[in-house]
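Peer 1: need a structure here:
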Amino acid sequence: MLLGPMGPALLAQMGAEVIRCEIPPMGDSTRSLNPFGWFFKDQSPLLLHINQNKYWLGLDLHKHEARKIFCELAAKCDIVENNFRPGVMEEWGIGYRQISEINPGIIFLSKNGYGQWGQYAKENRPSNDGASQALTGYSYMSRFPGQTPLKLRAYIGDNYGAMCAEIAVLAALYYRDRTGKGQFIEFSQTENVMRTMAWIWPYLRITGKQPQPTGNRDVSMCPADTFRCSDDRFVAIAAPDSAEFGGLCRAMGMPELADDPRFR
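Peer 2: Numbers count the residues shown, from 1 in each chain. This next block holds a predicted model:
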C-alpha cells in the first residue's frame, strides 16, 4: 500500500511528472487508513504522505478500455511502476514485455514483497512492511532480550524501500541515456530490509551462528548504548575508537580507564 506510491512521490518532489492510476470504485485503500480516525480536509494523512505532487487518474485496469488508455500513456512515459503480486500486469496485457513493444526505452519497475521469482513469488504471497520486517528477522533483532519482537513504527520497508527502488530507476535512466536501452527492474521489499541490517546477515551466513537482540546496545563497539541518567533522562553514547574512548574517560573524570588493558 505504501511501497508502491511512495517512490513516485519522491520523484514528484524532485520535479518528475507523475500520474497515479487509481482503480475505482474503492480507490486507494489508504484513503480510509488514518490515526485515531483523524482526517485532514477529508483526506487521510497517510494518503497525503505518499502522494505529493501527483496527477490522478481513475482507471479500472480490469477493463479493456482502461488498459488501452494505460498503453497510450506508457507509450509517452519514461517510467512505469507497479506494486502488484508477480504476473498481474502480464495477465492484464500491460507487463514489461507488452509495454516494451510499445515503448522500447521504458523503465519498468515491479515492486513487491519477495521479488518476481522464487518460492514466495510462486506461492503468490502478498506482503506489507510488517511482513518484511518479520521475515528478515528485523523485528526479532529490534528489541531487548526476552521481549516481544518489535515492528519498527517508521515503516522502514515501505519508505526506505521506496527510496532505494527509485535509486535503481535513476540508474536505469542514466543507463538509457548512454545506451538507448530501457530495462525491467525487479525490487524485493524483504531483500531490501535485509540490506539495512548491517553485519547481521553476513555474520549468520559465514559463521552459522544466530545473532541475538541487544536492545540499544551496539555489539560492534563498546561503549555504544543508551544509558539512564541520575535525573531519569537518557543519554546515547558511542565511542568506537581509542581517541573517542579517551575523551569519554576524561569527560567522566576517570582518564586512567583509557589505558586500562581491560578496555583495550
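Peer 1: What is the burial count for the residue nearest to Pro104 when sequence neighbours are not counted?
Peer 2: In space, and not counting its chain neighbours, Pro104 is closest to Gly182: 6.0 Å by CB to CB, 6 or more residues apart in numbering. (Each C-beta comes from the backbone N, C-alpha and C, glycine too.) Using other CB atoms under 10 Å, Gly182 has 21 neighbouring residues.
Peer 1: Which residues are in contact with Gly182?
Peer 2: Ser100, Asn103, Pro104, Gly105, Ile106, Ile107, Phe108, Ala172, Arg176 (CB atoms under 8 Å, 6 or more residues apart in numbering).
Peer 1: Same check on Met89?
Peer 2: Asn82, Gly95, Tyr96, Ser110.
Peer 1: Just among those residues, which is most surrounded?
Peer 2: Ser110 (26 neighbours).
Peer 1: OK, contacts around the closest residue to Tyr160 other than its chain neighbours?
Peer 2: Distances taken as CB to CB, 6+ apart place Thr196 nearest to Tyr160, at 6.5 Å, with adjacent residues excluded. Contact partners of Thr196, counting by CB under 8 Å, 6+ apart, are Tyr138, Ile156, Tyr160.
Peer 1: In helices, which of the residues you listed appear?
Peer 2: Counting by DSSP state H, the part of the contacts of Thr196 found in helices is Tyr138, Ile156, Tyr160.
Peer 1: Run through the helices of this protein in chain order.
Peer 2: Using DSSP H, helices in the chain cover 3-13, 45-49, 64-74, 88-91, 96-102, 119-122, 129-135, 138-141, 156-179, 189-195, 200-207, 242-251.
Peer 1: which one of those has the lowest average pLDDT?
Peer 2: For those, the weakest mean pLDDT is recorded on helix 119-122, namely a mean of 87.
Peer 1: got the CA positions of that one in PDB?
Peer 2: Presented in PDB, the C-alpha positions along helix 119-122 are these (Å, rounded to 0.1, in the frame of the first residue of the first chain):
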ATOM      1  CA  GLN A 119       9.300 -19.800  -3.500                       C
ATOM      2  CA  TYR A 120       7.100 -17.000  -2.100                       C
ATOM      3  CA  ALA A 121       6.600 -15.500  -5.600                       C
ATOM      4  CA  LYS A 122       5.400 -18.900  -6.800                       C
END
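Peer 1: Can you verify my assumption that Trp38 contacts Leu46?
Peer 2: No. Taking CB atoms under 8 Å as the definition, Trp38 is not a contact partner of Leu46, at 10.5 Å.
Peer 1: of those two, who's got more company?
Peer 2: Per other CB under 10 Å, whichever of Trp38 and Leu46 has more neighbours is Leu46, with 19 against 8.
Peer 1: Relative to Ile107, how far out is that one?
Peer 2: According to CB to CB, to the nearest Å, Leu46 stands 27 Å off from Ile107.
Peer 1: what residues are up against the closest residue to Tyr120 other than its chain neighbours?
Peer 2: Leaving aside its chain neighbours, Tyr120 sits nearest to Tyr114 (3.8 Å; criterion: CB to CB, 6+ apart). Each residue near Tyr114 by CB under 8 Å, 6+ apart is listed here: Tyr120, Ala121, Arg125, Ser127, Ser188, Gln189, Thr190, Glu191.
Peer 1: residues in contact with the last one?
Peer 2: Just to be clear, that refers to Glu191. Counted by CB under 8 Å, 6+ apart, Glu191 has contacts Tyr114, Gly115.
Peer 1: one more time with 10 Å, if that's ok
Peer 2: Each residue near Glu191 by CB atoms under 10 Å, 6 or more residues apart in numbering is listed here: Gly113, Tyr114, Gly115, Gly118, Ser132, Thr136, Gly161.
Peer 1: Pro261: which of the residues you listed is nearest?
Peer 2: The shortest approach to Pro261 among these belongs to Thr136, at 38.7 Å (CB to CB).
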